[in-house]
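Engineer: Build me a structure from this.
(2 chains)
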Amino acid sequence: MPVILAEDLTRVFVSHQRKPGIAGAAISLFSRQKKEVLAADRVNVKVEAGELVGFLGPNGAGKTTTLKMLSGILFPTSGRAEVLGFTPWERRNGFKRQFSLVMGQKNQLWWDLPAEESFLLLKELYEIPAPDYRQRVKTMTELLEIDHLLGQQVRKLSLGERMKCELVAALLHRPRVVFLDEPTIGLDVVSQKRIREFISMTNRQEGSTIILTSHYMDDVRALCDRVVIIDHGRVIFDDSLGRLVAQFTDTKQLRLTFHSPVAAGDLEPFGRVTEREDLSAALEIKRDEAPRVAAALLARLPVMDIEITDPDIQDVIRDIFQRKPDLEPQPREGP
Amino acid sequence: MRPLRRYLRLYATFFRNCLVREMEFRGNFAANAFTTIAWLFYYLFFIEIVYSHTDAVAGWTKGQSLILAGSFSLAWGLMNALFTPNLSMLPEYIQKGTFDLTLTKPVDSQFLASARIINVAEFARALLSVFVVFYGVRVQGLALTLPLVAVYLVLLLCSLMILYGIDSLIMTLAFWLVRIRNLDAAFWSISVTARYPVDIFQGVLRKVLTFFLPMAFVATVPARGLAGTLEVWMLPAALAFAAVLMTASRLLWLKATRIYSSAGG
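Structural biologist: Numbers count the residues shown, from 1 in each chain, chains lettered A, B, ... in the order given. Modelled structure (predicted):
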């Protein structure tokens, strides 16, 4: 039984368009053009208990819209979804008690209050027993090294500290499902790393099912076993990161270091040269030719070190979104 | 935990949160309390002046006017303490999308959105208003019997529900309209008329105030209830208005949260 199930989830937003300028404003009093935006287009996703899934996609792709439907914030235009056995937009308290939503750009903690006061409110909202509450606050704040900040007004905290407090707040009631919408956005590198570790630990120790949306590849690489790519409202990929590379490219990268300088002309017969310096180079070659070309390079050039890697995931995804013609999903050759 | 007990505990936590917050801004708290109390004294002074020249205004004696002033201040004091700070923030929450998080909490969203912020300074005003009412009772030489006080309290409760009902109906429109500021301002300017006994208005305006905008019920009717000059139809009418407005408010809220389309990506 999947914990999260989305079936043909679709959401259309209607917005009213008007022409710019004063004339446009006047005209808009009488007639406005309706513009329909298909934010989510028959999204199908199944997540099992304990999985940590990444939702990737450019801005406006529909990731956040999908999360909002799964949280019950938005009604879908059509389709169905089930989270922990509930239909999210029925907004049953029984459902809300078991999940949590963290939005990187919207805070739930009160600006003018110390974090611990906001925690108290959450304790009451979720009916967390006092000893359990105290222990959770202590454990989580110590882990994130914010235990000394709880008495300070939230507005006096740095962005990273605030986000850590938001995370603690979201996890106080031991939610079985956690939706994290861009949790590390705008944070410094150190905070990002700490938060990633915290999320990973939560997933492992508590077995919570987590969906994470992010722009940062490092988040996804560090945390997600599985990646769902959404673009223009549609799911265009749903599998592991490794498969992402295999499915969307048919090239490999060869990184070479040399004993002595090698001329460009010597390298070009072997493949497409993407980088070249005196004593190092990078070549792009077709995946199935990699072993043969590598062997040839080792035989004919003064190679000191050779590394065969997949293209960088970030580049792959960027190319997907820019719809490079040679990056249609390749039919995978069977083993 | 049984629902009522849970909601009471939650409310106590709201109160505690707000007290902590007010204490962080001590100067602001004192200034607020001072301002609201100053207004009350201003109005008392006004009554003293008027009644030094005459015994009655539109059939209202000084004592009755004091009861009216006190009741008006009490009803609005409670409204501003409990509900106004929340309802006035609603359009901003909707515009910024922070309302999303209200919808994910395991508690009734209308409750959370309407009751979370408590303006503690206004309670000072409300308390003082109670004294003004007592003063008016004394000036009038009324005997306070239990049924009289009971009727007064019921009518006051109706007043609070009417004020909440109207304000929440207007502010809930923020879900559909982006800018509510004008409607809000209109509500406030009309509500000021509740300060006066509706009897001083004649003809159409009086009928409008009595029936369409139940402002008359906010202060005039409870005051008449205590003063003993209540007309038979007023109590059921007050109850009816309160019931209708609260129901309408609830229905509109449910509809609004259904069509909510959230802001931001």
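Engineer: what about whichever residue of chain B sits closest to chain A, how many residues close to it?
Structural biologist: With CB to the nearest CB as the measure, B:Pro106 is the residue of chain B nearest to chain A, at 3.8 Å. For every residue, glycine as well, the C-beta is placed using N, CA and C. Counted with other CB atoms under 10 Å in any protein chain shown, the neighbours of B:Pro106 add up to 18.
Engineer: go on, the one 10 residues further on?
Structural biologist: If you count neighbours by other CB under 10 Å, B:Arg116 ends up with 19.
Engineer: again, but for B:Arg16
Structural biologist: By the criterion of other CB under 10 Å, B:Arg16 has 15 neighbours.
Engineer: circling back to that earlier point, within the helices and strands, which one has the residue of chain B closest to chain A?
Structural biologist: B:Pro106 belongs to no helix or strand when assigned by DSSP states H and E.
Engineer: just the residues of the stretch 1-150 of chain A that are near chain B, which are they?
Structural biologist: Residues of the stretch 1-150 of chain A lying near chain B by CB under 8 Å from any CB of the partner chain: A:13, A:59-60, A:64-65, A:68, A:71-75, A:91, A:93-94, A:96-97, A:99-101, A:103, A:105-108, A:110, A:112-114, A:117-118, A:120-121, A:124-127.
Engineer: For the nearest residue to A:Leu187 once chain neighbours are set aside, list the residues it contacts.
Structural biologist: Nearest non-adjacent residue to A:Leu187, counting by CB to CB, 6 or more residues apart in numbering or on different chains: A:Gly160, 5.0 Å away. Residues counted as contacts of A:Gly160 (CB atoms under 8 Å, 6 or more residues apart in numbering or on different chains) are A:187-188, A:190-191.
Engineer: can you give me the helices in chain B?
Structural biologist: Along chain B, counting by DSSP state H, helices occupy B:3-24, B:26-51, B:62-82, B:84-96, B:99-104, B:109-115, B:120-140, B:146-172, B:181-191, B:203-207, B:215-227, B:234-259.
Engineer: Would you format those as JSON lines with distance to chain A and mean pLDDT included?
Structural biologist: Formatted as JSON lines, these follow (distance: least, CB to the nearest CB, whole Å; pLDDT from 0 to 100):
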{"stretch": "helix B:3-24", "distance to chain A": "5", "mean pLDDT": "89"}
{"stretch": "helix B:26-51", "distance to chain A": "11", "mean pLDDT": "82"}
{"stretch": "helix B:62-82", "distance to chain A": "17", "mean pLDDT": "90"}
{"stretch": "helix B:84-96", "distance to chain A": "7", "mean pLDDT": "87"}
{"stretch": "helix B:99-104", "distance to chain A": "5", "mean pLDDT": "92"}
{"stretch": "helix B:109-115", "distance to chain A": "8", "mean pLDDT": "94"}
{"stretch": "helix B:120-140", "distance to chain A": "13", "mean pLDDT": "89"}
{"stretch": "helix B:146-172", "distance to chain A": "17", "mean pLDDT": "91"}
{"stretch": "helix B:181-191", "distance to chain A": "16", "mean pLDDT": "63"}
{"stretch": "helix B:203-207", "distance to chain A": "30", "mean pLDDT": "66"}
{"stretch": "helix B:215-227", "distance to chain A": "31", "mean pLDDT": "79"}
{"stretch": "helix B:234-259", "distance to chain A": "7", "mean pLDDT": "92"}
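Engineer: Among those helices, show me which one is buried the most.
Structural biologist: With neighbours taken as mean count of other CB atoms under 10 Å in any protein chain shown, those reach their highest mean count in helix B:215-227, at a mean of 27.
Engineer: Quick one: work out the angle between that helix and helix B:146-172.
Structural biologist: Helix B:215-227 and helix B:146-172 are oriented at 170 degrees to each other (axes from the mean of the first three to the mean of the last three CA atoms, to 10 degrees).
Engineer: That's all I had, so thanks and see you.
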